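Chemist: This is a predicted model, with the sequence first.
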Amino acid sequence: MSPALNHGLAAILLLGLIAFAPPAIAMIVGASYALMLGREGLTFNVSATSKWCLQTAIVLLGFNIAIAEVAKTGSLYFAVGAAYIAIAALLGVTLARLFFIGGTDRTLITSGTAICGGTAIGSVAPLIGAKAEETACALGIVFLLNLVALIVFPWFGEQIGLSQSQFGVWAALAIHDTSSVVGAAQTFGVEAAQTATVVKLSRTLWLIPLVLWIGLRSSNQGRVQVPYFVLFFIGASILGSAGEWPRLLHSALDQTSDALLIAALFLIGIQIDRNALRAMSGRVIGYATSLWLILIPTALVIAVLIEQ
């Protein structure tokens with residue numbers, strides 16, 4: 001297929017998703033597009049574009065969250081995040097022995113599960129000298145688990161009667177990537193999305209000390225990926241709290257944020273490919289899934305106890 005047709009089809013699909021589809025469908029459609037047609041005909045940088053869409057969506061969401069709430073929730077869950085990451089690390093090491101998982105796969109999967117999915121994996125991989133197939137395997141597994149979470153979490157949250165804040169905290173702790181956290185929470189409700197965003201961003205900040213610590217222990221060179229967009233999110237929250245904004249403007253910001261999130265999930269789906277799926281080891285899949293399945297109820301207990 002020519003680049004023009006590829007771009008046209010992608011644009012039509014994206015417009016339809018923005019107008020009618022929930023977040024989970026956007027990622028499924030993106031992955032289906034990639035597996036059936038490939039992304040070789042897309043001439044723009046899909047990864048950079050999806051990252052920009054996601055980060056801009058989160059910043060725009062900040063305009064509708066009071067800075068007092070950001071400070072209160074963020075400070076609490078920054079500390080809770082540290083405890084959760086420690087639990088995830090301990091479980092990761094323990095399960096790795098049971099599944100006979102090597103140090104590289106263990107570090108990639110545990111980092112991605114404990115902090116922020118693909119971003120953590122991409123940051124840690126060069127520091128520990130991970131091979132391309134090992135990184136692709138970890139990223140592919142995280143993608144599939146994110147997809148499951150987007151579909152299952154909102155449904156399960158409704159079945160067990162979680163409140164908006166409880167679901168937001170649970171999703172932010174238990175789901176790997178920020179895009180899937182916000183997508184699942186947005187499906188559940190507006191308040192859940194706001195809570196999930198703040199909690200997830202406070203958890204994401206732990207990527208900085210993790211990468212610095214691994215870098216000090218490693219001879220490989222890497223670069224710390226500082227999530228600067230968190231500062232823009234805080235700035236948006238401050239501006240949004242500074243005075244009364246027109247209701248129409250709030251609505252426009254919300255709708256733009258929703259559209260950009262759908263676009264980000266669609267483009268994240270497009271980044272999956274057959275090579276990544278072929279690179280996945282059954283043993284590593286079992287290890288990553290087991291670790292996640294233990295952390296899901298752990299995060300749920302934390303959310304329910306704190307957000308009573």
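Modeler: Received the coordinates, thanks. Numbers count the residues shown, from 1 in each chain.
Chemist: Tell me where the stretch 151-300 of the chain is predicted with low confidence.
Modeler: 218-226 (pLDDT under 70).
Chemist: That one: helices as residue ranges?
Modeler: 164-174, 178-188, 190-204, 207-217, 229-241, 247-270, 274-279, 282-306 (DSSP state H, counting those that start in this stretch).
Chemist: Redo those as CSV? Include mean neighbour count and distance to residue 141.
Modeler: C-beta: built from backbone N, CA, C; applies to glycine. CSV is the format used below for the helices of the stretch 151-300 of the chain (neighbours: other C-beta atoms under 10 Å; distance: least, C-beta to C-beta, whole Å):
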stretch, mean neighbour count, distance to residue 141
helix 164-174, 27, 15
helix 178-188, 28, 13
helix 190-204, 24, 19
helix 207-217, 15, 19
helix 229-241, 18, 25
helix 247-270, 20, 14
helix 274-279, 15, 9
helix 282-306, 17, 5
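Chemist: Quick test: name the residue nearest the centre of this protein.
Modeler: residue 177 (1.6 Å; C-alpha atoms, centre = their mean).
Chemist: mind checking which of the helices of the stretch 151-300 of the chain is nearest residue 149?
Modeler: helix 178-188 (5.5 Å; C-beta to C-beta).
Chemist: State the distance from the residue nearest to the centre of the chain to residue 109.
Modeler: From residue 177 across to residue 109, the span is 14 Å (C-beta to C-beta, to the nearest Å).
Chemist: swap in residue 163?
Modeler: Residue 163 is 31 Å from residue 109, by C-beta to C-beta.
Chemist: Name the residue in these two with the higher neighbour count.
Modeler: Neighbour totals were compared for residue 163 and residue 109, and residue 109 leads with 28 against 17 (other C-beta atoms under 10 Å).
Chemist: Name the nearest residue to the more buried one, sequence neighbours excluded.
Modeler: residue 288 (4.7 Å; C-beta to C-beta, 6 or more residues apart in numbering).
Chemist: Counting residues, name the longest helix you see in the chain.
Modeler: Determined from DSSP state H, the single longest helix within the chain is helix 67-99.
Chemist: is it true that residue 237 touches residue 59?
Modeler: No. Counting by C-beta atoms under 8 Å, residue 237 does not reach residue 59; the two are 9.4 Å apart.
Chemist: Give me the contacts around stretch 77-91.
Modeler: Residues outside stretch 77-91 that contact it (C-beta atoms under 8 Å, 6 or more residues apart in numbering) are 110, 113-115, 169, 172-173, 198-199, 202-203, 205-206, 210, 291, 294-295, 298-299, 302, 306.
Chemist: scratch that, stretch 232-252
Modeler: By C-beta under 8 Å, 6+ apart, stretch 232-252 touches 55, 58-68, 70, 197, 201.
Chemist: how long is it end to end?
Modeler: Using C-alpha to C-alpha, to the nearest Å, one end of stretch 232-252 lies 18 Å from the other.
Chemist: so where's the stretch 1-150 of the chain uncertain?
Modeler: Using pLDDT under 70, the flagged stretches of the stretch 1-150 of the chain are 1-8, 39-41.
Chemist: which one is residue 174 nearest to, not counting chain neighbours?
Modeler: residue 299 (3.8 Å).
Chemist: quick one on the thing from earlier: can you say which of the helices of the stretch 151-300 of the chain is nearest to residue 29?
Modeler: helix 247-270 (6.3 Å).
Chemist: residues touching residue 264, list them.
Modeler: Here residue 264 is in contact with 50-51, 53-54, 57, 179 (C-beta under 8 Å, 6+ apart).
Chemist: Those residues in helices, which ones?
Modeler: Those of those lying in helices (DSSP H): 50-51, 53-54, 57, 179.
Chemist: top of the residues you listed by neighbour count?
Modeler: That'd be residue 179 among the ones in helices among the contacts of residue 264, by other C-beta under 10 Å, with 30 neighbours.
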